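**Student:** sharing a model that was predicted from the sequence below.
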Amino acid sequence: MPGGRLTQQERQQIALGLADGHAYAEIARRLERPTSTVTREVTRNGGPAGYRAEVAHRATEHRAHRRKKAAPRDHGRRSSPQPHGRDADEVRAYEEVFTGVMTASGMPTMMSRVTASLILTDSGSLTAAELAEHLQVSPAAISKAITFLESQGFVRRERGEGRRERYVVDDDVYYQSMMATARATAQVVETARQGVPVLRAGTPAATRLENIARFLDFVSESTARAAEQARAILHTKPGQTPDTTD
């Protein structure tokens with residue numbers, strides 16, 4: 001099985017495989033590569049719909065050049081010991097895949113990187129300095145990302161030692177995020193309905209606005225109800241059957 005970086009020819013085969021609708025596992029089998037390699041390659045280079053072999057190859061060469069220049073600074077971070085016998089390279093590779101999937105779903109890149117870093121720690125919390133060191137970015141970038149993530153219900157702050165804040169993701173992070181989304185959608189519904197009399201009920205614009213409000217109202221209520229019913233899943237151990245009844 002070949003190792004090392006993907007070649008330009010392999011990237012072209014990935015692009016052809018995606019165009020033909022093949023799954024990552026099938027593309028990886030044809031390349032004799034791990035499925036995780038193909039998954040990481042696609043998610044960090046535009047996703048299945050936006051992957052372009054030439055663009056991906058140039059981007060990878062650019063990233064490799066940047067890593068080479070930053071090698072002395074980056075070496076200690078990559079070689080730091082991992083708890084529970086984890087392989088540091090495997091963890092970092094998976095973190096890139098997880099980040100890429102969140103970015104492809106619509107979350108901005110830096111926010112995705114911060115969220116992935118927090119979720120993949122056993123403690124579920126890091127300080128701004130720890131995040132900046134781990135991601136090799138400025139404290140200002142971390143601050144901006146945290147502000148956005150707080151507004152989306154993904155993280156919360158808690159007081160650490162001295163005056164240092166810790167940023168925390170709870171086990172029900174996606175429940176909190178979905179509820180925040182449901183509340184924001186409910187606000188859109190209320191605002192849309194306020195516009196109906198302004199545009200005069202029965203006119204095409206007013207009807208469109210009312211239908212949008214009805215649709216989003218249904219989605220918002222369904223999302224909140226489903227999240228409440230499924231919340232118990234987040235507090236069960238693998239193999240257990242959660243109680244999702246009201």
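**Tutor:** Yep, that arrived. Numbering: from 1, shown residues only.

**Student:** any idea which helix or strand comes after the lowest-mean-pLDDT helix or strand in the chain?
**Tutor:** Ranked by mean pLDDT, DSSP states H and E, the weakest helix or strand in the chain is helix 71-79, scoring a mean of 46. Using DSSP states H and E, the helix or strand that directly follows helix 71-79 along the chain is helix 88-104.

**Student:** what about that next one, distance to the chain center?
**Tutor:** Relative to its parent chain, helix 88-104 has a centroid offset of 9 Å by CA atoms, centre = their mean, to the nearest Å.

**Student:** with stretch 198-212 instead?
**Tutor:** Counting by CA atoms, centre = their mean, stretch 198-212 is centred 36 Å from the centre of its parent chain.

**Student:** got the buried residues for that stretch?
**Tutor:** Residues of stretch 198-212 classed as buried by neighbour count (16 or more other CB atoms under 10 Å): 206, 209-210. C-betas here are computed from N, CA, C, even on glycine.

**Student:** of all the residues you listed, which comes closest to residue 110?
**Tutor:** Nearest to residue 110 among the buried residues of stretch 198-212 is residue 209, at 34.6 Å by CB to CB.

**Student:** go ahead and flag the most central residue of this protein.
**Tutor:** Central residue of the chain (CA atoms, centre = their mean): residue 102, 2.2 Å from the mean position.

**Student:** isn't that residue up against residue 116?
**Tutor:** Yes: Residue 102 is in contact with residue 116 according to CB atoms under 8 Å; the separation is 6.6 Å.

**Student:** which SSE is the closest residue to residue 213 other than its chain neighbours in?
**Tutor:** Nearest residue to residue 213, sequence neighbours excluded (CB to CB, 6 or more residues apart in numbering): residue 192, at 3.9 Å. Using DSSP H and E, residue 192 falls within helix 173-199.

**Student:** packing partners of that helix?
**Tutor:** Using 3 or more CB pairs under 8 Å, 6 or more residues apart in numbering; DSSP states H and E, the elements in contact with helix 173-199 are helix 204-230.

**Student:** tilt between the helix it packs on and helix 173-199?
**Tutor:** With axes from the mean of the first three to the mean of the last three CA atoms, to 10 degrees as the basis, helix 204-230 and helix 173-199 are set at 160 degrees to each other.
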